[in-house]
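> pasting the sequence and the predicted coordinates here, then a few questions.
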Amino acid sequence: NAGVTQTPKFRILKIGQSMTLQCTQDMNHNYMYWYRQDPGMGLKLIYYSVGAGITDKGEVPNGYNVSRSTTEDFPLRLELAAPSQTSVYFCASSPTRDSSYEQYFGPGTRLTVT
Amino acid sequence: DAKTTQPPSMDCAEGRAANLPCNHSTISGNEYVYWYRQIHSQGPQYIIHGLKNNETNEMASLIITEDRKSSTLILPHATLRDTAVYYCIVRDFMTTDSWGKLQFGAGTQVVVTP
């Protein structure tokens, strides 16, 4: 199993540009999450999904959109990038809620908006 | 979910036990205690979790006080590779609006020195 993979690893965007951060997991997990981590801070939840076709907002959803058309993929879309979105983005997945709730994290995407 | 309080940093000598405290005085009966760690520039990694009994796995031990208001993560023989930020998280798995979401605080920066 590759686990949770994210692409790209690094990206620099200009203000106002858009991009999609890709996330794929091969563990057949129903639950998937997107977090952002600002320097020196803990992770904050952006969006999450409990299964294909079902998504919901987390703590800091403004400026982002998600979709979940398959169990494996959970892309995060940034529209009209702003400097405040400079952060490290982590995707995670976990089995159904009856499990131990361990979340498996990807390696992250480092995004800079200038 | 209940909030947690952790010291911002601590040092530990290589080969010695590292004892990481966490206060969660407002924890409720349905809330588990989880520990994750984040090595620099990597995604968080699950360590251990528990409800009220002490737990041990290949990575660490978790000691939860009888009143469940605090816990201690023990790394029995710290190595340089254990240098990381350690997060103590509590969450309720019984309510449907939890959906596996983890709330990360600032954590404890642990530095293991030779």
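Thanks, I have it.

> ok, for B:Q45, nearest residue in space, not its chain neighbours?
In space, and not counting its chain neighbours, B:Q45 is closest to B:R37: 5.5 Å by CB to CB, 6 or more residues apart in numbering or on different chains. Bear in mind the C-beta positions are built from the backbone N, C-alpha and C, glycine included.

> for A:C91, same thing?
In space, A:C91 is closest to A:C23, 3.5 Å off (CB to CB, 6+ apart).

> quick revisit: so the residue nearest to B:Q45 sits against B:G43, correct?
No - the criterion here is CB atoms under 8 Å, and B:R37 misses it with B:G43 at 10.5 Å.

> who's in contact with the residue of chain A found nearest chain B?
Residue nearest to chain B within chain A: A:F105 (3.1 Å; CB to the nearest CB). By CB atoms under 8 Å, 6 or more residues apart in numbering or on different chains, the contact set of A:F105 is A:V4, A:F90, A:C91, A:A92, B:G43, B:P44, B:Q45.

> closest to B:H77 among those?
Nearest to B:H77 among those is B:Q45, at 17.9 Å by CB to CB.

> ok, now which ones touch that closest one?
A:F105, B:Y36, B:R37, B:Q38, B:I39.

> so what's the last one closest to, chain neighbours aside?
Going back to what we said before, that points to B:I39. Once flanking residues are discounted, B:I39 sits nearest to B:A84: 4.5 Å by CB to CB, 6+ apart.

> quick check: bridge partners of the one you found?
B:V110 (DSSP bridges).

> residues in chain A within reach of chain B, list them.
Residues of chain A lying near chain B by CB under 8 Å from any CB of the partner chain: A:4, A:31, A:33, A:35, A:40-45, A:48, A:50, A:56, A:58-59, A:90, A:92, A:94, A:97, A:100-108.

> okay, now the unreliable bits of chain B?
Across chain B, the ranges flagged by pLDDT under 70 are B:1-2, B:93-101.

> can you give me the strands for chain B?
B:9-13, B:18-23, B:31-38, B:45-50, B:55-56, B:61-64, B:70-75, B:84-92, B:108-113 (DSSP state E).

> now the residue nearest to B:Q45: how far from B:S25?
23 Å (CB to CB, to the nearest Å).

> those two: which has the busier surroundings?
B:R37 (23 against 12; other CB atoms under 10 Å in any protein chain shown).

> got a list of what the more buried one touches?
Going by CB under 8 Å, 6+ apart, B:R37 touches B:P44, B:Q45, B:I47, B:D82, B:A84, B:V85, B:Y86, B:Y87.

> for burial, what's the neighbour tally of the closest residue to B:L75 other than its chain neighbours?
Excluding the flanking residues, the one nearest B:L75 by CB to CB, 6+ apart is B:A18, at 4.2 Å. For B:A18, the neighbour count with other CB under 10 Å is 22.

> B:A18: what's it in contact with?
Contacts of B:A18 by CB under 8 Å, 6+ apart are B:M10, B:C12, B:I74, B:L75, B:A78, B:D82, B:V110, B:V112.

> just the buried residues out of those residues, in PyMOL syntax.
Isolation of the buried members of the contacts of B:A18 (16 or more other CB atoms under 10 Å in any protein chain shown) is achieved in PyMOL through the command below:
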select buried, chain B and resi 10+12+74+75+78+82+110+112
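
> show me which of the contacts of B:A18 is closest to B:G29.
Comparing those against B:G29 with CB to CB places B:I74 closest, at 24.3 Å.
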